[in-house]
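> Could you work out the structure for the sequence below:
(2 chains)
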2 protein chains.
Amino acid sequence: MVKIKDCSEEELVRRLHDMLGTSMPQQGSEGKVVCGVGDDAAVMETGPDRYLVSSCDMMIEGRHFDLSYTHPRDLGYKALAINLSDMAAMGATARWAMVSLAIPAETTLHFWEDFYRGMLELAREAGVAVVGGDTTSSSTIVVDVFVMGEVFPQQLICRFSASKGDCILVTGELGSSAAGLYWFQEASMRGIMEKSRANPLIQAHLRPVPRYREAAVLRNSRVGAMIDLSDGLAAGLRGICAASNTGARVDYNLLPYRPEAELLAEKAGHSLQDWLLYGGEDYELLFTVPQQYVDSLKQSLEVETGTPAVVIGEVTGPEKGMILINKSGAESVIDPGRCYRHFT
Amino acid sequence: MVKIKDCSEEELVRRLHDMLGTSMPQQGSEGKVVCGVGDDAAVMETGPDRYLVSSCDMMIEGRHFDLSYTHPRDLGYKALAINLSDMAAMGATARWAMVSLAIPAETTLHFWEDFYRGMLELAREAGVAVVGGDTTSSSTIVVDVFVMGEVFPQQLICRFSASKGDCILVTGELGSSAAGLYWFQEASMRGIMEKSRANPLIQAHLRPVPRYREAAVLRNSRVGAMIDLSDGLAAGLRGICAASNTGARVDYNLLPYRPEAELLAEKAGHSLQDWLLYGGEDYELLFTVPQQYVDSLKQSLEVETGTPAVVIGEVTGPEKGMILINKSGAESVIDPGRCYRHFT
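Got it, this is the predicted structure:
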């Protein structure tokens, strides 16, 4: 018998897509599905010029978070943040969220309230109303947040719209969350880098700021394809390349990172490249833009949000695959299989 | 420290309502929240005459289902059914569903596919598109389904609209799911009632049919308040009475049930009344209607859906509380605390 762990995630998504495809209402009918399985969020037509966008992400204790260093406020914040990141990746405006929370009956009321307080901090910042919450009991904590949002059809950004020759850009910095996680997980790191120094990395891991302000600029720009980097840069590149039937050529020397991440990698004898390429949970936006629009887009983004975006490579033909130019200028193949995998 | 298990569900809902209230966008602004925490589903204004309705329900292995007698197809079916029931209770039409599924990596691909097949059976019947599915790994199975639907403002039915003097009606039969669960859980029952005889009860437990067809009739009728009976009749009555600030007076002799449930109760020496009043997961609709409209409503429902609805009592003033007239005509207080509780 084939088991789930024997299937790649692409295989599961493909099978799901095949099964669910037949459940879709007919094209042109009310409630038409514009985007189903296979993008950051689902998109449904609700009116002549309105799309409803929805996403969900489940976090499980011991798998996605560790309560020994995650405060319930951080947990609530992050559970919403990762969904707002999915909405941002579609160019959508998140409006409403619902929460399913399973917790042990022994949990304190204080913990439960702090979880919601953390979520509401971000909800208020982002203008999202938390409209429902279901609490049930279980032996370990499970958090599942659903977010609904809206986007005008002409502003929707999908994964499949990259074109050969486009520049590939990324917002903010890569690898910070993976470095922060490493700092938490390796007790020996405490001696190598103190908490205050590691703080930007810790914050990136515990409280990733979703790029919804940046998305509001990008959806009015000449962006081709977009994806969020929840599973790492290599997985994001594969997501765009597979959907757009393209290749990609990325220059390692152009990847943005925090000096703290470089310092930690150095002190710990860990590969910085690993964090930048394969570290998950950055929640930065990866997107493609025709070359002639890059400068004005970067400027708008910086002026309106204060967030830098940098060109890290270009979209190539599908026959080229995904190539990395490394420090010394040599080329190697980017292996998305080294990114975060849900079943291994 | 106060723990979650020390709080009643009403207490948790009240606290959540207080916390989330402040996160709501202002009345009149875009994306106004019509109904938040405290009803079967959340309702949001998306256009001048359109409401978006959403609900979610999490099911956890060992707590909400037992794989020793639940086939993955049944699990997929039921996970969607309980959400369609919530949508029906609001008078809404369910349109789209998303699924978060956490399963052990050792699960077979066949199990996973069967889960979706079962869900799609119901999705096709009900005209719902399953637009996304997230699969992640965990030690026990967790299913969280999120359903989005639509309702015209004038067709929305909430819990808070019951009026003193209204008749209280219920669709279908009560207690079948609880009786079916009892049959599964007590191995000795196998000798008392064979599977073929218990089958309608088993079906009611494994594959509850959500009352979406009935809701399509009821939203065009003179229904006051409505709720689904996911947690049992007594909890449903409390839900309406608390929201509407009324009491209720229910006649036990009018409660509808299947002969198989009565027979099983008799043979097992179990209280039938317990199943009818406090047994959860019936997914019938409980609603209130002014007396003069009862006959025509019952007829429309029977003609258009084949489903009977019966009057089981009347709405009274809040000072009367919730009263049951028992078999012998004596009165007693209905105690919703005996219904399914999530943390005890």
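> The residue nearest to A:Gly91 when sequence neighbours are not counted: neighbouring residues, count only.
The shortest distance from A:Gly91 to any non-neighbouring residue, by CB to CB, 6 or more residues apart in numbering or on different chains, is to A:Arg219 (3.5 Å). C-beta coordinates here come from the backbone N, C-alpha and C atoms, glycine included. Using other CB atoms under 10 Å in any protein chain shown, A:Arg219 is surrounded by 20 other residues.
> and A:Arg219, backbone torsions?
phi -70, psi -10 (degrees, to the nearest 10).
> in terms of contact, does it touch A:Ile157 like I think?
Yes: A:Arg219 is in contact with A:Ile157 according to CB atoms under 8 Å; the separation is 6.2 Å.
> so does the helix or strand hosting A:Met98 get close to chain B?
Using DSSP states H and E, the element containing A:Met98 is strand A:93-103. Yes: counting by CB under 8 Å from any CB of the partner chain, chain B is contacted by strand A:93-103 at A:Arg95, A:Trp96, A:Met98, A:Ser100, A:Ala102, A:Ile103.
> which one among those gets closest to A:Met58?
A:Ser100 (8.5 Å; CB to CB).
> if we look at stretch A:158-165, which residues are touching it?
A:35, A:38-40, A:90, A:224-227, A:239-241, A:243-244, A:246, A:288, A:290-291, A:314-317 (CB atoms under 8 Å, 6 or more residues apart in numbering or on different chains).
> Relative to the whole chain's centre, how far out is that stretch?
Stretch A:158-165 has its C-alpha centroid displaced from the chain centroid by 18 Å (CA atoms, centre = their mean, to the nearest Å).
> Next, the angle from the next helix or strand along the chain from the strand holding A:Met98 to strand A:93-103.
Following strand A:93-103 in sequence order, the next helix or strand is helix A:109-126 (DSSP H and E). If you take axes from the mean of the first three to the mean of the last three CA atoms, to 10 degrees, helix A:109-126 sits at 170 degrees to strand A:93-103.
> can you list the domain ranges for chain A.
A:4-155, A:167-338 (automatic domain parsing).
> Comparing those, which yields the minimum mean pLDDT?
Mean pLDDT across the domains of chain A is lowest at domain A:4-155; the value there is a mean of 89.
> Quick one: the helices in chain A, in order.
Ranges of helices in chain A, per DSSP state H, are A:9-21, A:72-89, A:109-126, A:176-185, A:189-192, A:195-206, A:212-218, A:233-244, A:259-268, A:272-278, A:294-305.
> could those helices go into CSV alongside mean neighbour count and distance to B:Ile82?
Below are the helices of chain A laid out as CSV (neighbours: other CB atoms under 10 Å in any protein chain shown; distance: least, CB to CB, whole Å):
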stretch, mean neighbour count, distance to B:Ile82
helix A:9-21, 16, 20
helix A:72-89, 26, 22
helix A:109-126, 20, 23
helix A:176-185, 24, 35
helix A:189-192, 14, 45
helix A:195-206, 19, 34
helix A:212-218, 22, 32
helix A:233-244, 24, 33
helix A:259-268, 18, 45
helix A:272-278, 22, 39
helix A:294-305, 15, 41
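> want to try JSON lines for the ones you listed, with distance to B:Arg338 as columns?
Formatted as JSON lines, the helices of chain A follow (distance: least, CB to CB, whole Å):
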{"stretch": "helix A:9-21", "distance to B:Arg338": "40"}
{"stretch": "helix A:72-89", "distance to B:Arg338": "32"}
{"stretch": "helix A:109-126", "distance to B:Arg338": "24"}
{"stretch": "helix A:176-185", "distance to B:Arg338": "45"}
{"stretch": "helix A:189-192", "distance to B:Arg338": "52"}
{"stretch": "helix A:195-206", "distance to B:Arg338": "42"}
{"stretch": "helix A:212-218", "distance to B:Arg338": "46"}
{"stretch": "helix A:233-244", "distance to B:Arg338": "50"}
{"stretch": "helix A:259-268", "distance to B:Arg338": "57"}
{"stretch": "helix A:272-278", "distance to B:Arg338": "54"}
{"stretch": "helix A:294-305", "distance to B:Arg338": "55"}
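> give me the beta-bridge partners of A:Gly247?
Beta-bridge pairing of A:Gly247 under DSSP bridges involves A:Thr316.
> so what's the residue positioned nearest the centre of chain A up against?
For chain A, A:Ser230 is the residue whose C-alpha lies nearest the centre (CA atoms, centre = their mean; 3.0 Å). By CB under 8 Å, 6+ apart, A:Ser230 lies in contact with A:Ile82, A:Ser85, A:Asp86, A:Gly280, A:Glu281, A:Asp282, A:Tyr283.
> Ok, A:Pro72 next?
With CB under 8 Å, 6+ apart, A:Pro72 has these contacts: A:Phe111, A:Trp112, A:Asp114, A:Phe115, A:Gly118.
> Can you give me the distance of the closest residue to it other than its chain neighbours to A:Arg73?
What sits nearest to A:Pro72 in space, not counting adjacent residues and going by CB to CB, 6+ apart, is A:Asp114, at 4.0 Å. With the distance defined as CB to CB, to the nearest Å, A:Asp114 ends up 5 Å from A:Arg73.
> got it, and A:Glu304?
29 Å.
> Need the residues of strand A:93-103 next to chain B in TSV (columns: neighbour count).
Shown next, in TSV, are the residues of strand A:93-103 next to chain B (neighbours: other CB atoms under 10 Å in any protein chain shown):
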residue	neighbour count
A:Arg95	24
A:Trp96	26
A:Met98	24
A:Ser100	25
A:Ala102	24
A:Ile103	23
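> about what we covered before: and for A:Arg219 and A:Ile157, which residues touch both?
Common neighbours of A:Arg219 and A:Ile157 (criterion: CB under 8 Å, 6+ apart): A:Gly91.
> returning to what we had before: B:Gln203: which of the domains of chain A is closest?
That would be, of those and by CB to CB, domain A:4-155, which comes in at 22.8 Å.
> First-to-last residue distance for the closest one?
Chord length of domain A:4-155, first to last residue, is 36 Å (CA to CA, to the nearest Å).
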